[in-house]
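Chemist: please find the sequence and the predicted model below.
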Amino acid sequence: MDTGKADVRIIADDRENAGGVIAALRKVTGVTVEVRRMTCGDFIIENRFVVERKTLLDFAGSIVDGRVFRQAAAIARGLPGGVLVLEGGSADLRSVGVQRAALQGALIHLSVFMGLAVLRAQDSAETAQLLVYLGRQARACSHGSLPRPGYRPKGRRARQLFLLQGLPWVGPGRAARLLERFGSVEAVATASAIELASIDGIGDTIAGRIRWALGKSEHPEKKGAD
């Protein structure tokens, strides 16, 4: 089933207009943005996730005055999915004026005990990207499929190589050599450890890990890759 034709639906609080995220979202094809005043959170994604966006400086201030915990409690009473996006880089983190232990303690409380997923973004453009990704995955999951990260290979050989790269320590080069030697993914799956180890760049260690991943042997000893 094709889930990519309908636009991702995002509701944004009108107070986020100055933050740059709304402007970035409006440049993305396949995204519909509705701006209105919200009582909880800064964004609603696909009517499933409430997202609170904070710069690192604002996050530090909200820990001091307790605001972030009140906001998290309000989110928890709403839609089932709550997300906190922390925006900023390492330079911002050094200038927040709050001890690292306090920041870590707050993050533990918000994520572990209050159930918020915590995501990081460098700037408003990356925050917009995160919101779009969240919306697209929400749409895919609602139709019973979980998207696999990465490109979608076309053609039989490309798909075979893609599958082989899911094996431990197998990158594009090793996948190509395995497919050239054995001719199919099925043949790789049924090959013995000795046969696998004979391939250039595989060796005994990686061969053992491949056999273990395929459920054909005991867990190999943890040795360095050859």
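Modeler: All right, it came through fine.
Chemist: roughly how far apart are V118 and P168?
Modeler: Counting by CB to CB, to the nearest Å, the separation of V118 from P168 is 29 Å. (Each C-beta comes from the backbone N, C-alpha and C, glycine too.)
Chemist: oh, I was asking about D13
Modeler: For D13, the distance to P168 (CB to CB) stands at 45 Å.
Chemist: what do you get for T39?
Modeler: 48 Å.
Chemist: so between those two, which is more surrounded?
Modeler: Neighbour totals were compared for T39 and P168, and P168 leads with 13 against 7 (other CB atoms under 10 Å).
Chemist: contacting residues for the more buried one?
Modeler: 206, 209-210, 212-213 (CB atoms under 8 Å, 6 or more residues apart in numbering).
Chemist: so which of those comes closest to A74?
Modeler: A213 (44.3 Å; CB to CB).
Chemist: residues near the closest one, how many?
Modeler: By other CB under 10 Å, 17 other residues sit near A213.
Chemist: that one and L167 touch, don't they?
Modeler: Yes: the criterion here is CB atoms under 8 Å, and A213 meets it with L167 at 5.7 Å.
Chemist: how about the strands in the chain?
Modeler: 8-13, 31-36, 43-45, 49-55, 81-87, 117-121 (DSSP state E).
Chemist: could you export the first one as PDB, CA atoms only?
Modeler: Yep, that's strand 8-13 we're talking about. Extracted C-alpha coordinates of strand 8-13, given in PDB (Å, rounded to 0.1, in the frame of the first residue of the first chain):
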ATOM      1  CA  VAL A   8       2.100  14.900   6.400                       C
ATOM      2  CA  ARG A   9      -0.100  17.000   8.600                       C
ATOM      3  CA  ILE A  10       1.500  19.300  11.100                       C
ATOM      4  CA  ILE A  11      -0.200  21.800  13.400                       C
ATOM      5  CA  ALA A  12       2.100  24.500  14.700                       C
ATOM      6  CA  ASP A  13       1.600  27.000  17.500                       C
END
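Chemist: give the buried residues for it.
Modeler: 8-13 (16 or more other CB atoms under 10 Å).
Chemist: state the mean pLDDT of that strand.
Modeler: Strand 8-13 carries an average pLDDT of 95.
Chemist: adjacent strands (with direction) for that strand?
Modeler: Here strand 8-13 is paired, per DSSP bridges, with strand 31-36 (parallel), strand 43-45 (antiparallel).
Chemist: so what does the worst-scoring helix or strand of the chain on mean pLDDT touch, helix or strand wise?
Modeler: Taking mean pLDDT, DSSP states H and E as the measure, the helix or strand of the chain with the lowest value is helix 90-94, at a mean of 71. Helix 90-94 makes packing contacts with helix 56-64 when contacts are defined by 3 or more CB pairs under 8 Å, 6 or more residues apart in numbering; DSSP states H and E.
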